[in-house]
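In: structure for this input, please:
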Amino acid sequence: MGLTGDTRLGLGLWNSLAGTLLVESALFAGGVALYIRSTKGRNRRGTAGFWVLVAALYAIYIVNLFGPPPPSVQMIAVAGNLAWVFVFWAYWVDRNREMRGEEIHQ
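Out: I've put the predicted structure just below:
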């Protein structure tokens with residue numbers, strides 16, 4: 001039982017794979033667009049590395065959405081710990097990017 005009892009709040013996307021894919025993909029694309037509008041790559045690592053990261057994250061999302069469930073609880077734990085790779089990857093990409101219009105704000 002949740003905080004609201006048996007009441008379910010939201011858009012009911014758990015009932016629609018297509019709706020889930022549409023809404024979550026739009027949110028992901030919106031986040032990518034905001035980041036692109038506010039930053040620019042300092043070098044190739046900041047540009048190509050960013051796009052490879054975006055592609056990897058979206059590919060993992062699609063595999064998770066359409067793939068089979070995890071085979072065991074241990075594999076969920078391994079995957080959860082491996083998620084830290086993406087945190088460090090994103091940090092590395094961000095270190096090779098800079099704010100757009102930064103010279104105006106200084």
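
In: the chain: strands as residue ranges?
Out: With DSSP state E, the ranges of strands along the chain come out as 39-41, 97-99.

In: list the helices and strands the first one packs on?
Out: What that stands for is strand 39-41. Packing partners of strand 39-41 (3 or more Cβ pairs under 8 Å, 6 or more residues apart in numbering; DSSP states H and E): helix 44-66, strand 97-99. Bear in mind the C-beta positions are built from the backbone N, C-alpha and C, glycine included.

In: same deal with the last one?
Out: Counting by 3+ Cβ pairs under 8 Å, 6+ apart, the packing neighbours recorded for strand 97-99 are strand 39-41, helix 44-66.

In: what are the buried residues along it?
Out: Neighbour-count burial for strand 97-99 flags Arg97 (criterion: 16 or more other Cβ atoms under 10 Å).

In: and the contacts of it?
Out: With Cβ atoms under 8 Å, 6 or more residues apart in numbering as the test, strand 97-99 has contacts from Ser38, Thr39, Lys40, Gly41, Arg42, Gly46, Phe50, His105.

In: of those residues, which is the most crowded?
Out: Phe50 (22 neighbours; other Cβ atoms under 10 Å).

In: contact partners for that residue?
Out: Phe50 neighbours (Cβ under 8 Å, 6+ apart): Gly41, Val93, Arg97.

In: closest one of those residues to Thr7?
Out: Proximity of those to Thr7 (Cβ to Cβ) peaks at Val93, which lies at 40.9 Å.

In: confidence score at Gln106?
Out: Gln106 carries a pLDDT value of 51.

In: go on, Ser38?
Out: Here, the pLDDT recorded for Ser38 equals 96.
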